[in-house]
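Enquirer: Below is the sequence, then the predicted model.
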Amino acid sequence: MFLRNKILLATLFLGVLGICALAKDMRAGRVAGKTLSEIEKEYADSSQPSKSIKTYPKITTTYGGVFKNVDVLRVDASSIFCRSTIGYSDIPLAHLPSDVLADLDHFISEAKEQAIQKAKEDQRKRIEAEKKRKEAEQLRIYNEEQSRKQREEQQEIQEANAARQIHGEEEKKAGASSNDPDKREAIRITPFIKHIIIIIIVGSIMAGLFGRKKHHKIS
């Protein structure tokens, strides 16, 4: 009786382990935060054909999960996407038995090569995008520098024009002053002319005095 209970407990324990392993394999469908139902919906909505690559009557994973009537629909670099009696599942390659891995080796190699090529293409696109970004930045800096130079040149031209205008107005004022008759006459009277004028005035006065004296004598 005691032995029978032990056997029943052991069987029950193994059954629980099998269920847990199956659930773990089913939850392996959580790729990039996606649940199994989301993966199923995404696959159902996609344009990918439902034709199977390989078909297996049963796959027992390394964790004890059992999948029956398995149709492998897609092989990726790290997992397989398949349809079985329990629905759609995404099983990591690490959980697959060696015989299934060997059978899918060609598809796995192709998937890994595609992943490598995709990574290279993504890297090329990133490098190209970075190159374009740097070129755009250099062009922006060049345009800003050219705009700054144009503003400085325009300012210098405006300042030069203003200076010429002020100088022209000063010359006009100076020309108007030189055309004034009084000022022009004042400019012409030099010290030498002043001396001559003084001599003439003094001579005229003296001549007048002498003329009066002679007139008195004659009288």
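Expert: Arrived safely. Numbering: from 1, shown residues only.

Enquirer: what stretches of the protein score poorly on pLDDT?
Expert: 1-50, 176-190, 210-219 (pLDDT under 70).

Enquirer: Let me see the ranges of the strands in it.
Expert: 54-60, 66-75, 79-84, 87-92 (DSSP state E).

Enquirer: What strands line up against the first one, and which way round?
Expert: Pointing back at strand 54-60 there. Looking at strand 54-60 with DSSP bridges, its partner strands are strand 66-75 (antiparallel).

Enquirer: Highest mean neighbour count out of the strands of the chain?
Expert: strand 79-84 (a mean of 22; mean count of other C-beta atoms under 10 Å). Where you see a C-beta, it was placed from the backbone N, CA and C, and this is true even at glycine.

Enquirer: Convert the C-alpha atoms of that one to CSV, please.
Expert: Presented in CSV, the C-alpha positions along strand 79-84 are these (Å, rounded to 0.1, in the frame of the first residue of the first chain):
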residue,chain,number,x,y,z
SER,A,79,13.8,29.5,-33.1
ILE,A,80,11.2,27.7,-35.2
PHE,A,81,7.6,28.8,-35.6
CYS,A,82,5.3,25.8,-35.9
ARG,A,83,1.7,24.7,-35.8
SER,A,84,0.7,21.6,-33.8
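
Enquirer: so what strands line up beside that strand?
Expert: According to DSSP bridges, strand 79-84 has these partners: strand 66-75 (antiparallel), strand 87-92 (antiparallel).

Enquirer: picking up where we left off before, would JSON lines of the strands of the chain with distance to residue 143 be doable?
Expert: Converted to JSON lines, the strands of the chain look like this (distance: least, C-beta to C-beta, whole Å):
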{"stretch": "strand 54-60", "distance to residue 143": "59"}
{"stretch": "strand 66-75", "distance to residue 143": "50"}
{"stretch": "strand 79-84", "distance to residue 143": "50"}
{"stretch": "strand 87-92", "distance to residue 143": "51"}
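
Enquirer: Show me the domain layout of this structure.
Expert: 2-103, 105-168 (automatic domain parsing).

Enquirer: In a markdown table, list the ones you listed along with distance to residue 209.
Expert: Shown next, in a markdown table, are the domains of the chain (distance: least, C-beta to C-beta, whole Å):
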| stretch | distance to residue 209 |
| --- | --- |
| domain 2-103 | 132 |
| domain 105-168 | 56 |
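
Enquirer: Ok, which of these comes nearest residue 207?
Expert: Closest approach to residue 207 among the domains of the chain (C-beta to C-beta): domain 105-168, 53.0 Å.

Enquirer: where along the chain do the helices fall?
Expert: 2-27, 36-45, 98-103, 105-178, 181-188, 191-218 (DSSP state H).

Enquirer: re the thing from before, okay, the domains of the chain, which one's buried deepest?
Expert: Scoring the domains of the chain by how many neighbours each averages, mean count of other C-beta under 10 Å, gives domain 2-103 as the top one, at a mean of 15.
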